[in-house]
Every structure is written in structure tokens, then in C-alpha cells.
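Q: Predicted model and sequence follow; I will ask about them next.
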Amino acid sequence: MPVRRGHVAPQNTFLGVIIRKFEGQNKKFIIANARVQNCAIIYCNDGFCEMTGFSRPDVMQKPCTCDFLHGQFTNRHAVAQVAQALLGSEERKVEITYHRKDGSKFPCTTHIIPVKNEEGVVMMFILNFDYILDDISCDSLERLNHTSPSKAEQRE
């Protein structure tokens, strides 16, 4: 006998569509529930985990303000901008320096995207993270992905 899911199925289908769309674009993102206290993270993709060094269980249910990524070089004004965007219902991009689980820093642009229901109420947030590169070179790309082998190792 099939299991009936009631009102849960459409929401899960909608989340699945969002996840597939963003995954297909090679994004680093999290999805947070705007209807619970602290906008808890309900999904993070592998790209986000690789970028930050945190595993999915480390990230799930944490506030989407990503305070677990804040460190010595994180600008408090940028943190306030992210928090303010999560209180509102408008898209915003914020340049901020985060810190990986190992303590290394990385500058990125955080794009906060509110997702509204049919009545215009924000139901969830998608936060997309993009590295900021000062000069686009092979060396800077290797520093971003510090777990990847160097060019010399790849040639062997």
C-alpha cells in the first residue's frame, strides 16, 4: 500500500527542483527554512561542504547566518548585512570573508535569495556562495581548492 504524504509531498518536490537546478550549475549553496527560529539550514550541497571543509551533518540545522564560518577576518559590517537581508524579503549580495573548518580564510560573495510562496510570504532562503578572485590565475585557483593536487603531482 502506498504511503500518503499529504501536504509534505509538494514542498519536497519543490525543494528537489531547486536542488537539481542549482546542482546543475555547479553552485555552492545552502537552503534555509525561513519559517523557523534562526532560519535553520535544511540542505547544503557538496560544493558548499568542499568550499568550507564542514560536513553536511556539521552544517544541518545551524542558523543560515553561517556564524560557524565567522572568524578573525570576518567583517562585522558584512555580517550585519547578511543578517539584515535575512530579515527582509529582497535579494542581496554581500562580499564577506569566511573561515573554513581548518581556520583558513576565503573571500566570497554571498547571494541571499528569498523564496516566496503564492501569498508573497518568504518560506525559505537560498544562499549561494562564490569565491572572489583578486587575479584569476592557476595559482590562485589552486589556493582556493587546497585539497587538490598541485600541477606537478598531476603530471606524474
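A: The structure has been received and is ready for your questions. Residues are numbered from 1 along each chain as shown.

Q: From now on I want contacts and neighbour counts done on CA atoms only, so please keep to that.
A: OK.

Q: what comes up buried for stretch 121-132?
A: 122, 123, 124, 125, 126, 127, 128, 129, 130, 131 (16 or more other Cα atoms under 10 Å).

Q: Next one, pLDDT for the last one please.
A: As predicted, residue 131 sits at a pLDDT of 94.

Q: what's the nearest residue to it if we skip its chain neighbours?
A: Closest residue to residue 131 apart from its sequence neighbours, by Cα to Cα, 6 or more residues apart in numbering: residue 108 at 4.3 Å.

Q: okay, the host helix or strand of that neighbour in PDB with CA atoms only?
A: Taking DSSP states H and E as the criterion, residue 108 maps to strand 105-116. Output in PDB follows, covering the C-alpha atoms of strand 105-116 (Å, rounded to 0.1, in the frame of the first residue of the first chain):
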ATOM      1  CA  LYS A 105      40.100  32.200   5.200                       C
ATOM      2  CA  PHE A 106      38.400  32.700   1.900                       C
ATOM      3  CA  PRO A 107      36.700  35.800   0.500                       C
ATOM      4  CA  CYS A 108      33.400  35.200  -1.200                       C
ATOM      5  CA  THR A 109      30.200  36.800  -2.400                       C
ATOM      6  CA  THR A 110      27.100  35.600  -0.600                       C
ATOM      7  CA  HIS A 111      24.000  35.900  -2.700                       C
ATOM      8  CA  ILE A 112      20.900  35.800  -0.400                       C
ATOM      9  CA  ILE A 113      17.800  34.800  -2.400                       C
ATOM     10  CA  PRO A 114      14.400  34.700  -0.600                       C
ATOM     11  CA  VAL A 115      11.900  32.200  -1.900                       C
ATOM     12  CA  LYS A 116       8.200  33.300  -1.500                       C
END
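
Q: C-alpha coordinates for the following helix or strand past that strand, CSV please?
A: Later in the chain than strand 105-116, the nearest helix or strand by DSSP H and E is strand 122-131. C-alpha atoms of strand 122-131 as CSV (Å, rounded to 0.1, in the frame of the first residue of the first chain):
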residue,chain,number,x,y,z
VAL,A,122,9.2,34.2,2.4
MET,A,123,9.3,30.5,3.1
MET,A,124,13.0,29.8,2.6
PHE,A,125,16.2,31.3,1.7
ILE,A,126,18.8,30.1,-0.8
LEU,A,127,22.3,31.3,0.0
ASN,A,128,24.8,30.9,-2.9
PHE,A,129,28.5,31.3,-2.3
ASP,A,130,31.0,32.4,-5.0
TYR,A,131,34.8,32.8,-4.5
